[in-house]
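Asker: kindly return the folded structure for what I paste below:
(chains A, B and C)
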Amino acid sequence: MKQYAYFPGCSLESLSKNYNISTQAVAAELGVGLQELEDWNCCGATAYFPVDELLAYTLVSRNLAIAEKTGLTDFVAPCSACYKNAYATNKYLKGDPDLLEHINFALEEDDLQVEGKMKVRHLIEVFIEDVGLEAIKEKTTNPLKGLRVAPYYGCQIVRPRKDKEDVENPQFFEQLLSAIGAEPIDYASKTRCCGGSLIITNRKAALDMVYKLLQDAVKSGANVIATTCPMCNVNVEVYQGQVNREFGTNFSIPVVYFTQLMGMALGVEPKRIGVSASMLSLAQSTVG
Amino acid sequence: MAVELSFSKEIENMMYASHGKPIKDCLQCGTCSGTCPAVEFMDNSPREIIGLIRADMRDDVMKSNTYWTCASCYHCTVRCPAGIDIADMMYSLKRYSMWKGTYKEGLLGPDFSEAFVKMIVNSGRSFEPILAATYLPKYSAGDIVREGLMATGLVLSGKMPLLPKKVKRLKNVQRMVRRIIPIGDTK
Amino acid sequence: MTEKIGVYVCHCGTNIAGVVNVAEVSTWAKDKLGENGVVVSRDYKFMCSSLGQELIQKDIKELGLTRVVVAACSPHLHEKTFRNACKGADLNPYLCELVSIREQDSWVHTDKVAATEKAKAIVSGGVARVEHHEALTPLRVPIHPDSLVVGGGIAGIQAALEIADAGYHVYLVEREPSIGGHMAQFDKTFPTLDCSACILTPKMVDVGNHPNITLLTWSEVTKVDGFVGNFAVTIKKKARYIKEADCTGCGICQEKCPKKVVDDVFEAGMGNRKAVYVPFPQAVPKYPVLDRPNCTYFIKGTCKACEKFCPTGAIDFTQQDQDITVQVGNIILATGWDLFDVKRIPQYGYGRLANVFTSLEFERLSNAAGPTGGNVVLRDGKTVPKTVGIVHCVGSRDQNYNPYCSAICCMQSLKFAHLVHEKTGAEVYNFYIDIRTPSKGYEEFYQRLLEEGTHFVRGKVAEVSNVARTPQEEGRLVVQVEDTLIGKQRRIPVDMVILSAGLQARHDAKEVGKLFGISCSADAWYIERHPKLDPVATMTEGVFIAGCAQGPKDIPASVAQGAAAAARVLGKIQQKEIALEPVRATVNADACSGCRICNDLCPFNAILFHEDTMVSEVNPALCQGCGTCVAGCPAGAISGTGFSNEQILSQIEGLLLLNIKAEAVPA
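Answerer: Here you go, the predicted model:
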């Protein structure tokens, strides 16, 4: 069973605990070994860069260094913001010896050194590329037939450009949803931003962005939205009420993590994937 | 003897690790602003900000809420025909405004970012209730009540712990931070 | 040291004199190199001027100079000037050496003292070398009077007609079934709004009828051997499965053919054709072509309707591809352009959103002979749009796609706006970054479109969407763009979007270029000999380029280049023979071991291997004197006239000032 250096990120320990438990459950089912990094620190999401760039890279590099120490090759993050930060930092470390030197100077204080040799992956990539869609399909005992899922990529998983080809119209999430028997719906806003931390610093702007997403997904016929990032999930799920108040709409569409859908499809017990009763009944009513 | 740099040069210098083209390559085509999902909430569009920077109009740029309204979704960056990393430029402007202490009144972004970094230096992990202290005071009474109710719900459903977690080797992390910038207590 | 060498040091205004102390160099040459044969040394403001040249000529005549060294600019510029000057004074031109103290010295250094010392060394090198020069005579090869034009678009047609009208024979090779190129697909042409076919077809007919033009359509060049004046070109005539001698062009085969195929080429995918087809009614030649991969007979063995109904029995399913080899003296490549693939920009919605069209698709819509009979309608074939958005710069001026400007799209977009106005009365929006209207009548055309009430929005379109946010957007396409002149993001609902996609080099431009021995730029356009002063010649003698194959341009420019290339070719043919630079490599047959390493090294395929004597030989007409084989030969058996080992080694010694007596070497 291949082992991966697992970086859960702060959200998965608190607000998005169900993402973490469903990830663990699905990984176990698919034979993906996730070894949580010891004593990892916050990656900073979008909050370090407004203050100091070098500090931001340093704090992210500490996690990369801890991962490198384990001897494992892949650094896996389930949160798109953690993924983007780790990916970009890792790339810069590889190409900029001055930056590397400066950061290693700071990392000395924790007996760590970084090289930039990890392969940084998003969790969904690991399932699709390493486990493979065919294998997932085979293990799907409970295909989610009839469940119309809006694959919400969000922004930082595809942008800025990483090694993926298509930034404007990626298809990998849809392919995964098809493999677990669900019906992915096509909607144009799938990589549009949810507002991220603007939900706190500029509530109006973020609510508008969430509103546009909900509008498009619902109009395109989705009965559930699946996400790959805790921030996106919280913004689109928790603030639906506020969106309704602000714009006079009445959205009430469930928002789940893709790992929760996978868990359902793979036949994992509900409490191991953190799915609420209402979500489960929706899935069961549409599934045959 | 210090040389007085133009504003545009200062911003250029602050885009240290940006791997995009310099902002002087901008065609002013407007693709960034046409793409930006938050542009309606900005005083100036991203394209206008670039124009203002190139014209060295520091005050106009600083007092605009544009760069604090950027969600860093990077859509402008991937579409820019001149290859400029515009989202990164927005971060540079945020840093500049924090450094100089100048930004539009009433914005929550600067306080939030500062509080976030301080929180990390004190614990190494993020914990929402601490951050709430920065922005709640600026919310209306109704909003504060709503936030409180939501938070209670999250705690009760087990989604949010009551106490913050800390990184074990916190002292090392703080010393590490001090090697970069002089904040954080290392006693 | 029996040579009498004259040294001339040029100031080149301040280009050289501003950094190098030319007077000092000149005096030094006389003093220190006198032992090496320098009998006179002068410096002058502009050696390349008539007076400068006369200086040299006077010295040759009066002092009996046997060698000349000019220290000035790069040989690329004035080697010919000074060689001719020597020739004018009856000194063999190859006894003159031009050494560069500008590009190699004054233009790249700022330290004046060091630069002056370097100039002295360079002059010393030149003096040492020129001693070993030999009097050479250029090689003369005959020019075959026939020519080859590859590509039957407007540039190729123009070139072929010019040569043929002058009385010389031309082969015109075209890979499609008919000549006409992209111009045949257009509806109207800017700025005159001439009907494209109306101005093109007379030229096409002329080509078809011309006694001096051998038209080879549905054919491709597969091999090019030889050299300027003497090319042997192999052309594959693909099987049409039609006997041209019997075919009357009646079109019954096309009518009766039951197999419909989407016409991806001429109709840009907007319409259908049959498996046996003539691409358009005015095609030249009139003979149809049978599309074998789509023919029922070739796939299943049944049908043969065309053969049954052909009144003259011209269908021949047994026809084979035919290879012919022709001898020509000169070649013109006019292979045209491909359209940028707009699917590479998913946010513009082409392919996903039905009513997004490319420029070529719109031309076919608008063309009266097109699939909709000239009606501008949506994909459903009947709805007339009420609002149309035209997007400029699709795939051009963009680091993510093509960084260059495609030159014609602004005018094309204005033309489209006019046609939409005329045919539908719709509201038209043009979304642009700049309006580029440089040529005659172009700016006036823009003014006309302004007067017609076109809505110009300055902003590069961010995305084309079908996500409706307001009732007005329901069921329509929405163009999202920043209107930069007012600084606001706008969402403009339209019914139809036309993408003015950029021009690109042909997908196989590099391979085709290799066939003919010419190079492509990074953007895959063919490289001209000089971007300002020689746009139709290439670095390969005898091969010329014309039209969009050299870079995006409009029809008048393509026609001009076709004519220019033809004029160059006619000039060569008139001279009946061509003088080739005698700076060439020669293999010393006695020293050659037959290892053949040089054969593959030669970038011009100029080295032949004689199987009988087991030695290699350089073809002097193809050899460009690059020196690669000289360096590559392990036995040192190859030497070059103009760059022999002695010449090079002595130049090195001169540069190191080793040829000067010890006490003469400056500190």
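Asker: would you map out the domains in the chain?
Answerer: All of this is about chain A. Split into domains by automatic domain parsing, chain A comes to A:3-123, A:133-286.
Asker: that's the other chain; I wanted chain C
Answerer: Annotated domains of chain C cover C:5-136+C:648-664, C:147-238+C:325-336+C:506-575, C:252-309, C:340-503, C:585-641 [automatic domain parsing].
Asker: the helix or strand containing A:Cys232: what's the following helix or strand?
Answerer: Per DSSP states H and E, A:Cys232 falls inside helix A:230-238. Next helix or strand after helix A:230-238 toward the C-terminus (DSSP H and E): helix A:240-247.
Asker: residues of that next one that come out buried?
Answerer: Within helix A:240-247, the residues that count as buried by 16 or more other CB atoms under 10 Å in any protein chain shown are A:240, A:242-243, A:247. Just so you know, the C-beta spots here come from the backbone N, C-alpha and C atoms, and that holds for glycine as well.
Asker: isn't there a strand covering C:Asn272?
Answerer: Yes. The assignment for C:Asn272 is a strand, going by DSSP: H, G, I helix; E, B strand; the rest coil.
Asker: quick check: it vs C:Val356, distance?
Answerer: To C:Val356, C:Asn272 is 21 Å away according to CB to CB, to the nearest Å.
Asker: next, the angle helix A:240-247 makes with the helix holding A:Cys232.
Answerer: Compare the direction of helix A:230-238 with that of helix A:240-247 by axes from the mean of the first three to the mean of the last three CA atoms, to 10 degrees and you get 60 degrees.
Asker: tell me which other helices or strands helix A:230-238 touches.
Answerer: Helices and strands in packing contact with helix A:230-238 are listed as helix A:10-13, helix A:80-95, helix A:203-219, strand A:224-227, strand A:255-257; criterion 3 or more CB pairs under 8 Å, 6 or more residues apart in numbering or on different chains; DSSP states H and E.
Asker: which strands and helices sit next to the second one?
Answerer: Spelled out, it's helix A:80-95. Packing contacts for helix A:80-95, counted by 3+ CB pairs under 8 Å, 6+ apart, involve helix A:53-70, strand A:74-77, helix A:97-107, strand A:119-122, helix A:230-238.
Asker: average pLDDT for the longest one?
Answerer: It stands for helix A:53-70. What helix A:53-70 shows for mean pLDDT is 94.
Asker: just the buried positions in it, please.
Answerer: Neighbour-count burial for helix A:53-70, counted by 16+ other CB under 10 Å, picks out A:53-68.
Asker: can you tell me if that helix touches chain B.
Answerer: Yes. Using CB under 8 Å from any CB of the partner chain, we find that helix A:53-70 touches chain B at A:53-55, A:57-59, A:62.
Asker: ok now do the residue in chain B that chain C sits nearest to, which residues does it touch?
Answerer: Proximity of chain B to chain C (CB to the nearest CB) peaks at B:Gly34, 3.0 Å away. Contacts of B:Gly34 were listed using CB atoms under 8 Å, 6 or more residues apart in numbering or on different chains, and they are C:459-463, C:480-482, C:489.
Asker: circling back: now the helices and strands packed on helix A:230-238 in JSON lines, with mean neighbour count and mean pLDDT?
Answerer: Output for the helices and strands packed on helix A:230-238, formatted as JSON lines (neighbours: other CB atoms under 10 Å in any protein chain shown; pLDDT from 0 to 100):
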{"stretch": "helix A:10-13", "mean neighbour count": "22", "mean pLDDT": "88"}
{"stretch": "helix A:80-95", "mean neighbour count": "23", "mean pLDDT": "94"}
{"stretch": "helix A:203-219", "mean neighbour count": "21", "mean pLDDT": "95"}
{"stretch": "strand A:224-227", "mean neighbour count": "25", "mean pLDDT": "96"}
{"stretch": "strand A:255-257", "mean neighbour count": "25", "mean pLDDT": "94"}
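Asker: need the contact list for the residue of the stretch 1-150 of chain C found nearest chain A.
Answerer: Here the residue of the stretch 1-150 of chain C nearest chain A is C:Thr110; by CB to the nearest CB that distance is 29.0 Å. By CB under 8 Å, 6+ apart, the contact set of C:Thr110 is C:Val19.
Asker: now with 7 Å, please.
Answerer: With contacts defined as CB atoms under 7 Å, 6 or more residues apart in numbering or on different chains, C:Thr110 is in contact with no residue.
Asker: quick check: pLDDT value at it.
Answerer: C:Thr110 is assigned a predicted lDDT (pLDDT) of 94.
Asker: tell me how far it lies from C:Ser147.
Answerer: From C:Thr110 across to C:Ser147, the span is 51 Å (CB to CB).
Asker: now the residue most central in space within chain B. Nearest residue, chain neighbours left out?
Answerer: Computing the C-alpha centroid of chain B and ranking residues by CA atoms, centre = their mean puts B:Lys94 first, at 5.1 Å. For B:Lys94, ignoring the flanking residues on the chain, the nearest one in space by CB to CB, 6 or more residues apart in numbering or on different chains is A:Pro50 at 3.6 Å.
Asker: where does the stretch 151-300 of chain C get nearest to chain A, residue-wise?
Answerer: The stretch 151-300 of chain C approaches chain A most closely through C:Gly269 (20.7 Å), counting by CB to the nearest CB.
Asker: what's the burial count for that residue?
Answerer: C:Gly269 is flanked by 15 other residues according to other CB atoms under 10 Å in any protein chain shown.
Asker: equivalent analysis for C:Ser519, please.
Answerer: For C:Ser519, the neighbour count with other CB under 10 Å is 12.
Asker: need the pLDDT of it.
Answerer: So, for C:Ser519, pLDDT stands at 91.
Asker: what sits against it?
Answerer: C:Ser519 makes contact with C:513, C:527, according to CB under 7 Å, 6+ apart.
Asker: which stretch of helix or strand covers C:Gly562?
Answerer: Going by DSSP H and E, C:Gly562 is part of helix C:555-575.
Asker: buried residues in the lowest-mean-pLDDT helix or strand in chain B?
Answerer: The element with the least model confidence among the helices and strands of chain B, by mean pLDDT, DSSP states H and E, is helix B:128-135, at a mean of 74. For helix B:128-135, a neighbour-count test (16+ other CB under 10 Å) marks B:128, B:131-132, B:134-135 as buried.
Asker: helices and strands around it, which ones?
Answerer: Under the contact criterion of 3 or more CB pairs under 7 Å, 6 or more residues apart in numbering or on different chains; DSSP states H and E, helix B:128-135 touches helix B:109-123.
Asker: any residue of the helix it packs on touching chain A?
Answerer: Yes. Contact of helix B:109-123 with chain A (CB under 7 Å from any CB of the partner chain) involves B:109, B:112-114, B:116-117, B:120.
Asker: and chain B, what are its domains?
Answerer: Using automatic domain parsing, the domain parsing of chain B gives B:9-100, B:109-178.
Asker: next, format the ones you listed as JSON lines and append distance to A:Val131.
Answerer: Listed next are those as JSON lines, based on distance: least, CB to CB, whole Å:
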{"stretch": "domain B:9-100", "distance to A:Val131": "28"}
{"stretch": "domain B:109-178", "distance to A:Val131": "28"}
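Asker: can you report how many residues neighbour C:Val150?
Answerer: Counted with other CB under 10 Å, residues neighbouring C:Val150 total 29.
Asker: for the residue of chain C found nearest chain A, list the residues it contacts.
Answerer: Nearest to chain A, among the residues of chain C, is C:Pro346, at 4.0 Å (CB to the nearest CB). Taking CB under 7 Å, 6+ apart, we find C:Pro346 in contact with A:168-169.
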